[in-house]
Every structure is written in structure tokens, then in C-alpha cells.
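S.K.: Quick one, fold the following:
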Amino acid sequence: MLNRLLMLKLWLLVIVIAKTLPMNSPAYGQVIQTNPQQPESFQERIRQQQEDQTQQTQEQLKETWLRLHFKQPQQQQQQLRIQQQEFSRQREQLRRQQQLRLQQQETRLQQQEFTRQQQLRIQQQQLRQDQELRQQQQLRLEQQRQQQELRQQQRQQQELRQQNENL
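M.R.: As a prediction, the model looks like this:
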């Protein structure tokens, strides 16, 4: 971009120099002055046309210079604004993505905690059930033992009665 701009400036400078140089050279003036066949007004018209052409070229050069130095920065500023807007848009999008990731992570953590709580409740419930079963088994065992003792006592009493009767 910079090379193109430099080339354009150089090219315009060459054009201006090429247009103004012949008019200011002594040889050009001699040709006009030594040609007696041309009337004075014709020479004056040619000189006026050349001056007009030179002035027009200078104005074009000035306009080009102004465009390059003033409009170019405006375009650069506009391009910079567009880049800043794009950067802001990307930054906002990144912020939203990060926020979404945080929300998803928080949701996962809540789900994990919920699952952990459920497992803990299930374990506690199983522990209670196991304790109740053990207590029931112990109670049955105790009842069986008592019943056996009772039977044994009854047998012993019966045996004692029989022995007493036999005596």
C-alpha cells in the first residue's frame, strides 16, 4: 500500500515537471520569439494555454496530494473503527462463551453434588436396613435360645418328675 502511494506521488511529480519544464526552458522561449510567422496574439494564446494546462496539472496534483494526505487517514480511521468493532464483537463473544462455560461447569457441579447426596441417602438407608435386619436376627436368635432353654428346663423338670415318680 505504501509503495503504491509512493509510486503515485512520484508519477504525479514527473508529470508536473514534464509539463512545466519545457515552458521555462530558454530553448522554448527562443522558438516562440524567433518564429516571426506567428502573430503575437497566437503566441500569447499558446502561452496562456500552457499556463492554464500547468495550473490545471498543479491543481490536480494538489487535489491528489490532499486526497492522499487527508482522505487516506479518514479511510484508515474508518478501517481502524471497523477493526475495533470486530475486536469488541469477538471479545464480547468470548466473554459470553466463558460465561456459558462457567454456567455449564456450575450445573455439572450441582449435578455431581445432587448425585453424591442421593448416593449418601441410599447408603444410609441400606445401613439402617442392615441394622434392622441384624436386630431382627438377633431377636430371633434370642427368642430361639429362650425357647430352647425353656424346653430344656421343661425336659429337665419332666425328667425330675419321672425320677420322683419312679422312686
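
S.K.: name the helices or strands packed onto the helix or strand harbouring residue 138?
M.R.: Taking DSSP states H and E as the criterion, residue 138 maps to helix 72-166. Contacts defined by 3 or more Cβ pairs under 8 Å, 6 or more residues apart in numbering; DSSP states H and E place helix 72-166 against no helix or strand at all. No exception for glycine: its C-beta is placed from N, CA and C like everyone else's.

S.K.: Residues contacting stretch 59-71, please?
M.R.: 5, 8, 9, 12, 13, 15, 16 (Cβ atoms under 8 Å, 6 or more residues apart in numbering).

S.K.: Those in helices, which ones?
M.R.: The helices, defined by DSSP state H, take in 5, 8, 9, 12, 13, 15, 16 from those.

S.K.: Give me the distance between the last one and residue 106.
M.R.: Just to be clear, that refers to residue 16. Distance, residue 16 to residue 106, using Cβ to Cβ, to the nearest Å: 70 Å.

S.K.: And for the first one?
M.R.: When distance is defined by Cβ to Cβ, residue 5 is 54 Å away from residue 106.

S.K.: Select the helix or strand of the protein having the lowest average pLDDT value.
M.R.: Within the chain, no helix or strand scores below helix 26-34, which has a mean of 50 by mean pLDDT, DSSP states H and E.

S.K.: which parts of the helix or strand following it are buried?
M.R.: Downstream of helix 26-34, the next assigned helix or strand under DSSP H and E is helix 40-66. Buried positions in helix 40-66, judged by neighbour count with 16 or more other Cβ atoms under 10 Å: 57, 61.

S.K.: could you give the angle of helix 40-66 to helix 72-166?
M.R.: Angle, helix 40-66 to helix 72-166, by axes from the mean of the first three to the mean of the last three Cα atoms, to 10 degrees: 20 degrees.

S.K.: so how far is helix 40-66 off the chain centroid?
M.R.: Offset of helix 40-66 from its chain centre (Cα atoms, centre = their mean, to the nearest Å): 56 Å.

S.K.: could you give the mean pLDDT of it?
M.R.: Average pLDDT, helix 40-66: 82.

S.K.: Equivalent analysis for stretch 8-17, please.
M.R.: 74.

S.K.: Tell me which residues are up against it.
M.R.: Contact with stretch 8-17 is made by 57, 58, 60, 61, 64, 65, 68, as judged by Cβ under 8 Å, 6+ apart.

S.K.: Skipping adjacent residues, who's closest to the second one in space?
M.R.: Looking back up the chat, that one is residue 58. Counting by Cβ to Cβ, 6 or more residues apart in numbering, residue 16 is the residue found nearest to residue 58 once chain neighbours are left out, at 6.6 Å.
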